[in-house]
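J.: A predicted structure for the sequence below; I have some questions about it.
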Amino acid sequence: MTTRQNARRLIWPTALMILSLGLVLFHNELAQLMGKQDDLSPIVTALAYFAAAWLVSRILAMVLDQAAVRRRPYPRLLKDLISAVLFLTAFAASVALFMGQGAVGALAGSGLILAMLGFAIRNVVADTLSGVALGIEGPFRIGDWIEIDGIARGRVIEIGWRTTRVLTRDATYAILPNSQIARQRITNYSAPKPQYRAQISITLDHAMPISAARKVMLTALQEAKLILQDPAPDVRVLAYEEQGITYAVRYWLSRFERDADCRDEVYSLIDDALRREGMIAPRRRIELVAAVPTADHGHTEDTAGTDTRLHPFHPD
């Protein structure tokens with residue numbers, strides 16, 4: 001929202017605030033003109049409370065919008081929460097002003113009704129409170145790319161009181177209850193910076209030395225156009241097992257939305273380089289051993305078994 005739009009939104013709250021302050025200052029004169037004595041004082045004071053809440057909420061919303069220009073935008077939920085707190089404070093002050101000490105007894109007498117209502121709408125309350133917690137804690141903001149374990153992965157479009165909307169990479173909306181999000185582990189790929197490191201695993205045959213495999217893969221990644229070359233990609237050994245040597249190819253991405261394209265490019269470049277070297281992923285060969293007779297018992301014993309050995313595969 002631009003500065004001019006924010007200024008227009010302050011016109012009516014400011015006008016109401018000035019009017020209410022004038023009524024507070026001159027309510028005695030106004031009461032005399034209307035032929036009343038003390039009836040107007042609580043009314044104009046309550047009007048001033050609500051006018052102040054309206055004006056302060058608009059000012060804070062403008063401050064958050066201006067701060068979002070230099071940073072990621074704040075969720076609408078935070079603005080709504082600030083407005084709700086301010087208006088509830090004005091309402092409580094007005095009730096206390098009109099009812100005095102009787103307001104405490106009235107609120108206490110309605111406790112049972114509030115408890116029954118809370119039980120009936122407990123799911124809505126849980127979603128709303130979770131939304132408030134997410135708005136205050138701020139694990140993600142609008143525009144962030146996030147992954148919620150087992151639920152969804154995509155870009156945050158809107159953070160509401162009850163639900164959060166996520167636009168997946170398949171261009172579909174995922175509307176998630178806030179209470180469900182609060183119970184899951186959240187991975188934010190856009191914070192603290194949009195750049196992050198990804199990795200893939202590749203298993204090669206033992207016949208290819210580690211130093212040679214590392215050199216082939218790193219040389220291939222130098223031709224990549226999508227991944228970042230600074231920081232440079234690297235290759236680490238993850239495991240040395242009977243099926244082969246497993247390598248972790250680690251590289252940096254500028255933005256999460258390039259994840260699938262970068263992974264495809266890395267696999268393609270490494271595959272081409274390994275094929276030029278005559279080496280690809282190992283395949284398992286099963287060797288059968290024939291049964292041999294035993295001298296002690298005078299009969300043959302089936303010693304057939306399998307020997308799973310790894311052999312390099314050379315394409316014809």
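T.: Received it, and whenever you're ready, just let me know what you need.
J.: Which stretches in the stretch 51-200 of the chain count as strands?
T.: 145-148, 152-159, 163-168, 173-177, 186-188, 196-204 (DSSP state E, counting those that start in this stretch).
J.: Run the chain-centre distance for the fifth one.
T.: Translated: strand 186-188. 5 Å (C-alpha atoms, centre = their mean, to the nearest Å).
J.: Could I get the full set of helices for the stretch 151-300 of the chain?
T.: 178-182, 210-221, 259-276 (DSSP state H, counting those that start in this stretch).
J.: what's the closest of those to residue 17?
T.: The closest of the helices of the stretch 151-300 of the chain to residue 17 is helix 178-182. By C-beta to C-beta, the value is 33.7 Å. All C-beta spots, glycine's among them, are computed from the backbone N, C-alpha and C.
J.: Dump the strands of the stretch 51-200 of the chain to TSV, plus distance to residue 265 and mean neighbour count.
T.: As requested, these are exported to TSV (distance: least, C-beta to C-beta, whole Å; neighbours: other C-beta atoms under 10 Å):
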stretch	distance to residue 265	mean neighbour count
strand 145-148	19	20
strand 152-159	20	19
strand 163-168	22	19
strand 173-177	27	16
strand 186-188	22	15
strand 196-204	11	16
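J.: so which of these comes closest to residue 250?
T.: Here strand 196-204 is closest among the strands of the stretch 51-200 of the chain (C-beta to C-beta), at 4.3 Å.
J.: tell me which strands and helices the closest one is in contact with?
T.: Judged by 3 or more C-beta pairs under 8 Å, 6 or more residues apart in numbering; DSSP states H and E, strand 196-204 is in contact with strand 244-253, helix 259-276.
J.: circling back: going by mean pLDDT, which of the helices of the stretch 151-300 of the chain comes out lowest?
T.: The stretch with the lowest average pLDDT out of the helices of the stretch 151-300 of the chain is helix 178-182, scoring a mean of 89.
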